[in-house]
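Asker: what would the 3D arrangement of this be:
(one chain, ligands or ions: 1)
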Amino acid sequence: MRRALITGITGQDGRYLAELLHSKNYEVFGLIKGQNNPRIELVQAELPFVELVSGDLQDLSSLVAALEQVQPDEVYNLGAISFVALSFKQAELTANVTGLGVLRLLEAIRMVGGSSGNPVRFYQASSSEMFGKVRESPQIESTAFYPRSPYGCAKVFGHDITVNYRDSYGLFACSGILFNHESPRRGIEFVTRKVTNAVARIKLGLQETLVLGDLEPRRDWGFAGDYVHAMWMMLQQDRPADYVVATGRTHSVRDFVDAAFRHVGLDDWERYLKQDARFFRPSEVDLLVGDATKARTELGWKPEVDFESLVAMMVDHDLKLEARKAGIRQP
Ligand code: NAP
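Answerer: The predicted structure follows:
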């Protein structure tokens, strides 16, 4: 059985990836930070097959100990301060976890090595936010970076240090430049889930308004369950490389809101919407759209869930969730 260690096991992608690797007969280990992490119960209930290992991306010795314990064949670094808005407020923490955390994990891998002397294969969760104020559209692997947030800057460091350790030490290290991907497991702080949850609550009569910032930024949105396949595929290649993972289609936040309200039959949704300057970013990323030709041709990866199905999946999930919480019977 191959052994995989996932950082960010409590997050959206960590949970989908754990399921995928389990279905492929891996032994799956998840790094858990903190003394009494409130999300342990969620992981244990959803993913009982995952063995939890304590460690923190801010603490090199804990990463060394985790690697010594797990002896992994593959390491997926999904742990990060991943919420762009928070990164503006906690820029130093973001640089430390999202940026330097990658360096610490790579160093730990160099120090410990893999199972039975086999080299560890490493996946770094890079982000389209590295393209920021885009230099060209669509964005491909060689598009120059111009990050527009502390999160984007930290991800650029994580990406560059991954490439550097591959070049310098011959590590099998891949960077997946993933465009936005969502799911019912998306954190409620992210705009897509905030929208689908509010739409569900408005439909159920539990909430009156949806408060948002800028509606015009455009993103390339895919389904997280599809994207974790690309992560795994990268580590199964003969040679390590970097790949853009995207749908190639772009929609505005307004389009997302429109699709979510229309899905529950509330076509006149403008009356539920309020805009608040507090939710605008200090510097915005206007348009992201990726070209995943390399991932399609070299990995054989393609997205299965389209934009409309993704929005519907998230709204339906939130309708059930909120109805259950409020004790409302759904038809
Ligand atoms: P997420 O739901 O926000 O999960 C982030 C994870 O990082 C959580 O499990 C969190 O653990 C963990 N973490 C935070 N600080 C840590 C620390 N100091 N040490 C160890 N773990 C720590 O993120 P996601 O959406 O699954 O994304 C996974 C990765 O892909 C992230 O690196 C993200 O930046 C990147 N990415 C995401 C997208 C996207 O659209 N989702 C796109 C491109 C790249 P706790 O629960 O304990 O805080």
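
Asker: got the residues of the chain near the ligand?
Answerer: Residues of the chain lying near the ligand by C-beta under 6 Å from any ligand atom: 7-14, 31, 33, 37, 39, 56-58, 78-82, 97, 125, 127, 178, 180-181, 187. Heads up, the C-betas are built off the backbone N, CA and C, glycines and all.

Asker: what about the residues you listed, which are in helices?
Answerer: Of the positions in the residues of the chain next to the ligand, 12-14 sit in helices, assigned by DSSP state H.

Asker: wait, I202 sits on T196?
Answerer: No: I202 is beyond contact range of T196, at 10.8 Å (criterion: C-beta atoms under 8 Å).

Asker: pLDDT weak spots in the stretch 51-200 of the chain?
Answerer: 114-117 (pLDDT under 70).

Asker: where's P240 relative to V120, distance?
Answerer: To V120, P240 is 11 Å away according to C-beta to C-beta, to the nearest Å.

Asker: pLDDT score for R329?
Answerer: Note on R329: pLDDT of 87.

Asker: now it: phi and psi?
Answerer: The phi/psi pair for R329 (degrees, to the nearest 10) reads phi -80, psi 130.

Asker: also A326?
Answerer: phi -90, psi 0.

Asker: now do the contacts for it.
Answerer: Contacts for A326 were tallied using C-beta atoms under 8 Å, 6 or more residues apart in numbering; they are 204, 206.

Asker: just to revisit the earlier point, ok, I202 and T196, which is more surrounded?
Answerer: The neighbour comparison of I202 against T196 (other C-beta atoms under 10 Å) goes to T196, with 31 against 20.

Asker: in contact with that one, which residues?
Answerer: So T196 contacts 260, 311, 314-315, 317-318 (C-beta under 8 Å, 6+ apart).

Asker: next, count neighbours for E41.
Answerer: 9.

Asker: report the two of the contacts of T196 separated the most.
Answerer: A260 and H317 (11.8 Å; C-beta to C-beta).

Asker: and the gap between the closest residue in space to F131 that isn't next to it in sequence and Q237?
Answerer: Nearest residue to F131, sequence neighbours excluded (C-beta to C-beta, 6 or more residues apart in numbering): Q139, at 4.7 Å. Separation of Q139 from Q237 (C-beta to C-beta) stands at 21 Å.

Asker: which strand residues bridge the residue nearest to F131?
Answerer: The partner list for Q139 in beta bridges (DSSP bridges) reads G290.

Asker: residue contacts, it?
Answerer: Here Q139 is in contact with 128, 131, 177, 244, 246, 288-291 (criterion: C-beta under 8 Å, 6+ apart).

Asker: wait, isn't L20 in contact with V228?
Answerer: Yes: the pair L20 / V228 is scored as a contact, 5.2 Å apart, by C-beta under 8 Å.

Asker: leaving out chain neighbours, which residue sits closest to whatever residue of the chain ends up closest to the ligand?
Answerer: Here the residue of the chain nearest the ligand is G11; by C-beta to the nearest ligand atom that distance is 2.2 Å. Ranked by C-beta to C-beta, 6+ apart and with sequence neighbours excluded, the top spatial neighbour of G11 is L78, at 6.1 Å.

Asker: let me know how buried the nearest residue to F280 once chain neighbours are set aside is, in neighbour terms.
Answerer: With C-beta to C-beta, 6+ apart as the criterion, F280 has its nearest non-adjacent residue at 4.4 Å, and that residue is G213. Neighbours of G213 under the rule other C-beta under 10 Å: 17.
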